[in-house]
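Novice: dropping the sequence and predicted coords here.
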Amino acid sequence: MTKDKLSGAELVIRGLEHINVSTVFGVPGGAILPAYDPLYDSPIRHILARHEQGAGHMAEGYAQATGELGVVIATSGPGATNLITPLANALMDSTPLLAITGQVASDAIGNDAFQEAYTVGLSMAATKHNYLITDASEIPQILKEAKYIATTGRPGPVLIDIPKDILNQQASWVEPGELDLPGYKPTLEPNPKMVQQAANLIKKSKKPILYVGGGIIHSKANTELFDLATKFKIPVVTTLMGRGAFPDGNELCLEMPGMHGNYTATTSIQNADLLIAIGVRFDDRVTANPSFFAQNAKVIHADIDPAEIGKVRDAEVPIVGDAKSVIKGLMESLGDTNLDTEGWISELKDMKSKFPLSYKQEDKGPLKVPYVLEELQKLTKEEAIVVSGVGQHQMWISQHWNFTEPNTWLNSGGLGTMGYALPGAIGAKTAYPNKLVLALDGDGCFQMTCQELITASTENIPIKIVVFNNGNHGMVRQWQKIFYNSKFSASELTHDTPDYVKLAESMGAIGMRMMEKSDVEKVFNKMLEVNDKPVLVDCVVDPDDMVFPMVPAGGSNDQIIMNKEDLKNL
Amino acid sequence: MSERILSVLVEDKPGVLARVSSTISRRGFNINSLSVGPTNIEGRSKMTIVTELDAVEQVKKQLNKLVNVIKIVELDPSMTIETEVLLLKVSINKDSQTSVIEKASLSNATSVDVGQDFAIFELTGSSKELDKFESLMKPFGIIEMVRGGRIALQSNL
């Protein structure tokens, strides 16, 4: 028996089912309560987070791992304000996210009602678009529209705020119709003339670099990118958000450039005569001071977001379009061109062997993160999804982990949100229960969202967490060491509080610890054997280790600090 | 820095003014004048934004990203018909009365209300004309004044 009229809450849940949502992350509360009633009877899986920020990052992790929409539900007031961080994070990293928030009843809005916040206003600068629903009958259509906006063009977060009386209002289900969005028409197909101009520049280039990022992953254009790079022998640098878009280990892959990029990737851009920039935004962590960035290079800049083109660096050839279509167009225009890049490739190869990434792990000395990472990757037989926090460990992972597939490296690149790793990993593991999901975190980051370990245990989401415990905000400490005369103001956390093993166990997970080199293989093997529970490894590491190479903020990419010795010349 | 005039066609939806103005103010740019009103197309409003931006291209692109913004045209000042409206309340007395009315009428301002000790004038024209009228009235004592936002149309197809 179907009812003629449904409540707004029922329309929300039915609307979510209609747009193929199978999992939502959230925390209930007063204003959103009506929606949790029909959710109980729906096939949609709800993961109960311990904090709305965690719920938001879980939805982001789900979205980053799948490339599909992640959904988070929260209540009004503090529920909504706690979502601001994940929304801003998703906006920066172009993650398709849908947030549904409860709001106080329509007639109470603006009256400082209990748990009232001006959610639409607060989230305006942290979303791609947002809505306040004023009639329950709009709900199915707006859900369809919101998904479309979140997942197309340059993806991003969309928020729908629904007052409690609207959730209780009766209305008919009307099948969502055609979308009417006169102001939203993303350009997917590039202008063929611009593509031809780009191809002409590529043909003339002796030292081209493909500078690619998250746009390749969003566009699912990694196969096309591989064909383009390998057919025409063009070296590739992958930005932090683009790691995995082109396989590490391929002779053309130079990996990450920028502030903590490797020497060859950063320098290849400085020495290039042409940058073929696709799905990147010339972020300050890549360019350092833009006036010194790639001074000898002409620039082809292709992006789906026209506002990115010319924002930081003028492009000789601007192309607005989806990365996949742009690359296909370039392949066609280049045809059977032979690029003579052999000299260039061997120059870069020499550079790589002359300036490798390096670290020194002593047998009896404190553990070094790069060593632990490389050992862990050796022991994991399958392709893992790696989720990271923000800081030193994040840079070391990007440097030392071998990424060969897109969507296997999830992190907070643009906003730099500490605390992303654990909830992000829960989201990814929810999407792919059979894949190995590793949250590789710092101790400072972990403490920001660690209550979500309870979510992982109680919802049976057996992720693996490695906390690189240096007892400090490591990157802060590194900057204080270099730029503030080793005055370690407020960066020390202590190694032993909390006791991470006990903390894990109290939260229903398994806790382990490694202190020295001889522990690493043993403990990781034990960790990898567990498949029915979350496992946390407290990995105690050297607090004085620093991430190199390094280009200080605002510096020139021609002046790379390679090691501690170089610091003396600063 | 010279003035730039943006004519922005938007969907007539709640919050669109806030979205547009916050997109501009986010970068610390000042809006010299902003007016919003209906157009001849149902459900569409037009905003005329006058600002002094050196990064106007980037702001146009950012505004274009707003889902409710349909079209942005930057008007070429040399080909633009622009007008603004002003209401000005000035104090009058026996001695000044004649002089105020004479100056107002020479400025093409219309008197819309006259009381014992005040008069209200309305004037439509370019910003310069409005500025001039304001300085003419100043010596007599301006009690209150309001100017509407500037509106503009390109004077060709």
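Specialist: Yep, that arrived. If you're wondering where the values come from, they're calculated on a predicted model, not measured in any experiment. Numbers count the residues shown, from 1 in each chain, chains lettered A, B, ... in the order given.
Novice: residue B:22 contacts residue A:126, doesn't it?
Specialist: No. Using Cβ atoms under 8 Å, residue B:22 is not in contact with residue A:126; the gap is 11.5 Å. Every C-beta, even on glycine, is put in place using the N, C-alpha and C of the backbone.
Novice: which one's more surrounded, these two?
Specialist: Legend: neighbour count by other Cβ atoms under 10 Å in any protein chain shown for residue B:22 and residue A:126, higher for residue A:126 (22 against 14).
Novice: which pLDDT value goes with the more buried one?
Specialist: Note on residue A:126: pLDDT of 98.
Novice: with residue A:565 instead?
Specialist: At residue A:565, pLDDT is 89.
Novice: distance of it relative to chain B?
Specialist: With the distance defined as Cβ to the nearest Cβ, to the nearest Å, residue A:565 ends up 41 Å from chain B.
Novice: which helix or strand contains that residue?
Specialist: Element membership for residue A:565 (DSSP states H and E) is helix A:564-567.
Novice: tell me how far that helix lies from the chain's centre.
Specialist: 31 Å (Cα atoms, centre = their mean, to the nearest Å).
Novice: try stretch A:85-101
Specialist: Stretch A:85-101 sits 11 Å away from the centroid of its parent chain (Cα atoms, centre = their mean).
Novice: same question, stretch A:119-132
Specialist: Centroid displacement of stretch A:119-132 relative to its chain, using Cα atoms, centre = their mean, is 21 Å.
Novice: buried stuff in it?
Specialist: A:119-120, A:122-124, A:126-132 (16 or more other Cβ atoms under 10 Å in any protein chain shown).
Novice: within range of chain A, give me the residues from chain B.
Specialist: Taking Cβ under 8 Å from any Cβ of the partner chain as the measure of proximity, chain B contacts chain A at B:10-11, B:14-15, B:18-19, B:22, B:26, B:57-58, B:61-62, B:64-70.
Novice: show me the residues you listed that map onto strands.
Specialist: In strands, judged by DSSP state E, the following of the residues of chain B next to chain A are found: B:10-11, B:69-70.
Novice: and of the residues you listed, the nearest to residue A:283?
Specialist: Among these, residue B:69 lies closest to residue A:283 (Cβ to Cβ), at 25.3 Å.
Novice: test my guess that that closest one contacts residue B:12.
Specialist: No. Using Cβ under 8 Å, residue B:69 is not in contact with residue B:12, being 12.0 Å away.
Novice: looking at these two, which is more packed in?
Specialist: Ranked by neighbour count (other Cβ under 10 Å), residue B:69 and residue B:12 place residue B:69 first, with 23 against 15.
Novice: residues contacting that one?
Specialist: A:183, B:8-11, B:16, B:19-20, B:63 (Cβ atoms under 8 Å, 6 or more residues apart in numbering or on different chains).
Novice: give me that answer again for 10 Å
Specialist: Residue B:69 sits next to A:182-184, B:8-11, B:16, B:19-20, B:23, B:47, B:60, B:62-63 when contact means Cβ atoms under 10 Å, 6 or more residues apart in numbering or on different chains.
Novice: show the buried residues in these.
Specialist: The neighbour count (16+ other Cβ under 10 Å) marks A:183-184, B:8-11, B:16, B:19-20, B:23, B:47, B:60, B:62-63 as buried among the contacts of residue B:69.
Novice: give me the subset of the residues you listed lying in helices.
Specialist: Secondary structure assignment by DSSP state H places B:16, B:19-20, B:23, B:60, B:62-63 of the buried ones among the contacts of residue B:69 in helices.
Novice: got those as JSON lines, with pLDDT columns?
Specialist: Putting these into JSON lines (pLDDT from 0 to 100) gives the following:
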{"residue": "B:16", "pLDDT": "95"}
{"residue": "B:19", "pLDDT": "96"}
{"residue": "B:20", "pLDDT": "95"}
{"residue": "B:23", "pLDDT": "91"}
{"residue": "B:60", "pLDDT": "92"}
{"residue": "B:62", "pLDDT": "93"}
{"residue": "B:63", "pLDDT": "95"}
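Novice: most widely separated two among these?
Specialist: The widest separation within those (Cβ to Cβ) is 16.2 Å, between B:16 and B:60.
Novice: number of residues surrounding the closest residue to residue A:271 other than its chain neighbours?
Specialist: Distance criterion Cβ to Cβ, 6 or more residues apart in numbering or on different chains; nearest residue to residue A:271, sequence neighbours excluded, is residue A:207 at 6.3 Å. For residue A:207, the tally of surrounding residues (other Cβ under 10 Å) stands at 19.
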